[in-house]
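Student: below is the sequence, then the predicted model.
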Amino acid sequence: MAFRFPLATVLRYRESIEKREELELQKLFLECARIRREIDRLTEDIANTQEARSKAMLQPVMAVHIQTMLNAIDALADRRKALATSLDAVEQERELQAKKYHAAHRDRQMLSDMHERHREAYEQERDRAQQKVLDDIFAARAQRG
């Protein structure tokens, strides 16, 4: 008789939940990374625009041009601030998702451990039964001979 784990269906269900929670957590990690890259790009754009404005200030330039650069810097800073707020929200969501994933992992691990213990017990019992059959065969041959 083959090994049969009575909670196999529950184990597969827990594995699917764990996988789903892990995928959601990965999506949030990727979103955080994307936002951080965008913030870094905006920071670089702000620095480049400020440097261009400083160089322009050294030359005779129309005030409108300088004002346009200042407006661009302000717009980039506003966008960076909005992204920082968004990043905070996504980070909080990621932390919650990490807790969900760890709970799902723990639940699945508990069933996996139980499955392994049942399998080991089954294999030990099967090995004992096989050894008993071999011992009975050996004893029968010894009585004949």
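Tutor: Structure's in. What do you need? If you're wondering where the values come from, they're calculated on a predicted model, not measured in any experiment. Numbering: from 1, shown residues only.
Student: any idea how far the one helix or strand V90 maps to is from the chain center?
Tutor: Assigned by DSSP states H and E, V90 falls within helix 63-144. Distance, stretch centre to chain centre, for helix 63-144: 8 Å (CA atoms, centre = their mean, to the nearest Å).
Student: for it, packing partners?
Tutor: helix 8-57 (3 or more CB pairs under 8 Å, 6 or more residues apart in numbering; DSSP states H and E). Glycine gets a C-beta too; all of them are placed from N, C-alpha and C.
Student: the helix it packs on vs helix 63-144, what angle?
Tutor: 160 degrees (axes from the mean of the first three to the mean of the last three CA atoms, to 10 degrees).
Student: in the protein, where is pLDDT below threshold?
Tutor: 145 (pLDDT under 70).
Student: if we go to 80?
Tutor: Low-confidence segments of the chain (pLDDT under 80): 1, 3, 61, 145.
Student: what does stretch 117-134 rub up against?
Tutor: Here stretch 117-134 makes contact (CB atoms under 8 Å, 6 or more residues apart in numbering) with F3, F5.
Student: please repeat the previous calculation with a cut-off of 10 Å.
Tutor: For stretch 117-134, contacts defined as CB atoms under 10 Å, 6 or more residues apart in numbering pick out M1, A2, F3, R4, F5, P6, L7, A8.
Student: repeat that for stretch 45-54.
Tutor: 61, 65-66, 68-70, 72-77, 79-80.
Student: C-alpha coordinates for it, PDB please?
Tutor: Extracted C-alpha coordinates of stretch 45-54, given in PDB (Å, rounded to 0.1, in the frame of the first residue of the first chain):
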ATOM      1  CA  ASP A  45      17.200  65.900 -12.700                       C
ATOM      2  CA  ILE A  46      16.800  68.500 -10.000                       C
ATOM      3  CA  ALA A  47      20.600  68.700  -9.500                       C
ATOM      4  CA  ASN A  48      21.200  68.900 -13.200                       C
ATOM      5  CA  THR A  49      18.600  71.700 -13.600                       C
ATOM      6  CA  GLN A  50      20.000  73.600 -10.600                       C
ATOM      7  CA  GLU A  51      23.500  73.300 -12.100                       C
ATOM      8  CA  ALA A  52      22.200  74.600 -15.500                       C
ATOM      9  CA  ARG A  53      20.500  77.500 -13.700                       C
ATOM     10  CA  SER A  54      23.600  78.400 -11.800                       C
END
